[in-house]
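Q: sequence and predicted model, in that order:
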Amino acid sequence: MINYNLRISTNIRLHPEFLKEPTKFARHHKVDLVDDVFRETDFENASDSKYPHSKEKIQKLKANIHLVRHGAIRLFAESEDEVDWVRSIELDPSLLRYSIKRHPLTPDDLLAALSVLRSQVAPLLANPLDARHVVPGLKTDGDSIAYWSRIESEIRIPGILLPCLHGLSHPGTGPADGTSKTRIQFGDRNDERVIQIESAKWEASGPSETETVQGIRLKLFLKDHALPTAFGQLGRTALVKNTKRLITFPLSSVAHVHRTVMARMEGSCLPIPDEWRNPEEGKPVTHAKAIALVSQLTPIPIEEIRAMDEELRHISSSTRKRLNNDVPKEAARLKPEPVTKLFTPELYAPQRAGMTPVATGEIDPLIAAAYGER
């Protein structure tokens with residue numbers, strides 16, 4: 001099951017009356033503003049803007065505008081020459097549709113979320129015609145303004161823990177370079193392609209009741225130029241200010257791109273044997289299990305590890321006899337596989353259980369035409 005967060009880059013004027021009295025304006029235009037809007041003052045070098053040789057500071061007013069609920073729709077607004085502009089829009093379809101993060105999503109959820117986004121933002125604009133620049137890909141004539149500038153997608157894999165993954169690297173990022181006890185990261189925040197693998201816990205329906213599941217969460221961050229490269233054959237691209245950008249994509253392409261990128265990952269996965277998790281099978285850690293595990297994680301043969309163990313512990317003949325029996329048995333339970341085998345089609349299959357049905361009237365026809373499955 002894939003989940004995702006999205007960011008749109010755009011450049012559309014806010015109504016001049018909106019930020020004067022945000023709550024009153026939103027209520028009058030039936031916009032679900034979460035709370036009042038507070039501007040922040042930011043000072044930028046004039047040389048970073050349209051005055052390339054100036055050393056002066058320019059004062060800019062910026063604001064975050066949350067619609068429907070916090071984090072569901074966030075507009076980033078900025079003032080320039082006493083005009084307020086929406087520069088970017090962040091959308092969390094799960095929060096918007098189900099009021100919780102990481103809820104399973106269907107293709108119709110994307111269409112419904114984009115439709116709500118457009119209907120909520122349009123009344124706040126100075127020019128009603130600019131509503132076509134809220135969701136990318138709806139303008140068919142002239143230059144495009146809005147485009148997708150970031151797509152964050154993720155899946156969860158139950159039963160696999162972070163220590164089960166070894167020797168990871170990716171041809172698009174190089175080896176993992178941000179490893180901690182709870183996260184493995186490829187690339188950094190300045191890169192256009194970043195992969196994160198995190199330890200995770202979540203609630204899932206068991207045979208009789210809800211139970212806590214342990215596993216990992218695999219996140220893929222794609223932004224800017226990486227998006228048309230990854231989605232170009234599946235969605236639609238266009239030139240925005242002479243730069244190739246991603247304009248539209250079907251929801252199925254998010255899972256396809258995530259799996260395609262992850263399938264290039266190199267390294268191995270060594271799952272914890274079920275017998276090692278079962279307390280009825282004995283202690284979770286024994287010398288036999290440790291020897292078997294070290295032989296898998298290093299190039300040292302079992303015979304050499306056994307010899308070092310005997311030299312260090314001066315084991316008795318009975319212990320040696322027990323290890324002769326237990327070490328091969330524990331070694332046989334360890335079955336390392338290429339990490340790519342984790343990314344099965346079933347892992348990415350959409351779920352329908354527990355979904356809120358989307359009525360036909362909830363979906364904007366223009367959005368259905370641009371983002372429906374082809």
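A: Everything's here; your move. Numbers count the residues shown, from 1 in each chain.
Q: ok, Asp42 touching Ala63?
A: No: Asp42 is beyond contact range of Ala63, at 10.5 Å (criterion: CB atoms under 8 Å). C-beta: built from backbone N, CA, C; applies to glycine.
Q: those two: who's more crowded?
A: Remark: of Asp42 and Ala63, Ala63 carries more neighbours, 18 against 13, as counted by other CB atoms under 10 Å.
Q: hang on, that one is in a helix, isn't it?
A: No: the assignment for Ala63, made by DSSP: H, G, I helix; E, B strand; the rest coil, is strand rather than a helix.
Q: show me the contacts for it.
A: Leu19, Val37, Phe38, Arg39, Glu40, Phe76, Ala77, Glu78, Asp84 (CB atoms under 8 Å, 6 or more residues apart in numbering).
Q: what does the domain assignment say about this structure?
A: For the chain, automatic domain parsing gives the domain ranges 3-268+343-371, 272-334.
Q: how many residues are close by Ser205?
A: So Ser205, with other CB under 10 Å, has 10 neighbours.
Q: any idea how far the nearest residue to it once chain neighbours are set aside is from Val34?
A: Leaving aside its chain neighbours, Ser205 sits nearest to Glu211 (7.9 Å; criterion: CB to CB, 6 or more residues apart in numbering). Distance from Glu211 to Val34, counting by CB to CB, to the nearest Å: 33 Å.
Q: show me which of these two is the more surrounded one.
A: Val34 (16 against 10).
Q: for that one, what are phi and psi?
A: Phi and psi for Val34, reported as degrees, to the nearest 10, are phi -70, psi -50.
Q: so what's it up against?
A: Val34 sits in contact with His66, Leu67, Val68, Arg69, His70, where contact means CB under 8 Å, 6+ apart.
Q: just send those back as TSV, with secondary structure and pLDDT too.
A: Formatted as TSV, those follow (DSSP: H, G, I helix; E, B strand; the rest coil; pLDDT from 0 to 100):
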residue	secondary structure	pLDDT
His66	strand	96
Leu67	strand	97
Val68	coil	96
Arg69	coil	95
His70	coil	94
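Q: now the residues you listed: which count as buried?
A: His66, Leu67, Val68 (16 or more other CB atoms under 10 Å).
Q: which one among these gets closest to Asn3?
A: The closest of the buried ones among the contacts of Val34 to Asn3 turns out to be Val68 (CB to CB; 17.9 Å).
Q: distance of the closest residue to that closest one other than its chain neighbours from Glu198?
A: Leaving aside its sequence neighbours, Val68 sits nearest to Asp32 (CB to CB, 6+ apart; 4.9 Å). Computed as CB to CB, the Asp32 to Glu198 distance reads 32 Å.
Q: Arg132 belongs to a helix?
A: Yes: Arg132 forms part of a helix when assessed by three-state DSSP.
Q: for the stretch 101-250 of the chain, which residues score under the pLDDT cut-off?
A: Scanning the stretch 101-250 of the chain for pLDDT under 70 picks out the ranges 140-142, 206.
Q: which parts of it are helices?
A: Secondary structure of the stretch 101-250 of the chain (DSSP state H, counting those that start in this stretch): helices at 107-121, 226-231.
Q: pretty sure Gly71 is in a strand, no?
A: No: counting by three-state DSSP, Gly71 is not found in a strand; it is coil.
Q: that one: what's it in contact with?
A: By CB under 8 Å, 6+ apart, the neighbours of Gly71 are Asp92, Leu95, Lys101.
Q: for Gln120, same thing?
A: By CB under 8 Å, 6+ apart, the contact list for Gln120 reads Val31, Asp32, Leu67, Val68, Ile73.
Q: how far away is the residue nearest to Val68 from Ile73?
A: With distances taken as CB to CB, Asp32 is found 9 Å from Ile73.
Q: who's more crowded, the two?
A: Per other CB under 10 Å, whichever of Asp32 and Ile73 has more neighbours is Ile73, with 24 against 15.
Q: okay but the more buried one is in contact with Leu117, surely?
A: Yes: at 5.8 Å, Ile73 counts as touching Leu117 under the criterion of CB under 8 Å.
Q: ok, and what's touching the helix or strand hosting Ile8?
A: Secondary structure from DSSP states H and E places Ile8 in strand 3-13. Surrounding strand 3-13, the residues in contact under the criterion CB under 8 Å, 6+ apart are 83-94, 102-105, 125-127, 130, 133-136, 145-155, 223, 254.
Q: how about stretch 241-252?
A: Contact partners of stretch 241-252, identified using CB under 8 Å, 6+ apart, comprise 105-107, 109-110, 136-137, 144, 147-149, 225, 227-228, 231-232, 234-239, 370-374.
Q: before we move on, what about stretch 254-263?
A: 2, 4, 151, 153-155, 170, 172, 193, 195, 218, 220, 222, 230-231, 234, 340, 343, 347-348, 350.
Q: which of these count as buried?
A: Looks like the contacts of stretch 254-263 have 2, 4, 151, 153-155, 170, 172, 193, 195, 218, 220, 222, 230-231, 234, 340, 343, 347-348 buried, using 16+ other CB under 10 Å.
Q: among the contacts of stretch 241-252, name the buried ones.
A: 105-107, 109-110, 136-137, 144, 147-149, 227-228, 231, 234-238, 370-372.
Q: before we move on, back to that, for Ala204, state which of the contacts of Val34 is nearest.
A: The closest of the contacts of Val34, once distances to Ala204 are taken by CB to CB, is Arg69, at 24.2 Å.
Q: roughly how far does the closest one sit from Asp92?
A: Going from Arg69 to Asp92 by CB to CB gives 9 Å.
Q: for Thr179, same thing?
A: 28 Å.
Q: try Pro228
A: Distance, Pro228 to Asp92, using CB to CB: 23 Å.
Q: now Arg333
A: Distance from Arg333 to Asp92, by CB to CB: 41 Å.
Q: what about those two, which has more around it?
A: Neighbours per residue (other CB under 10 Å) separate Arg333 from Asp92, with Asp92 holding more: 23 against 15.
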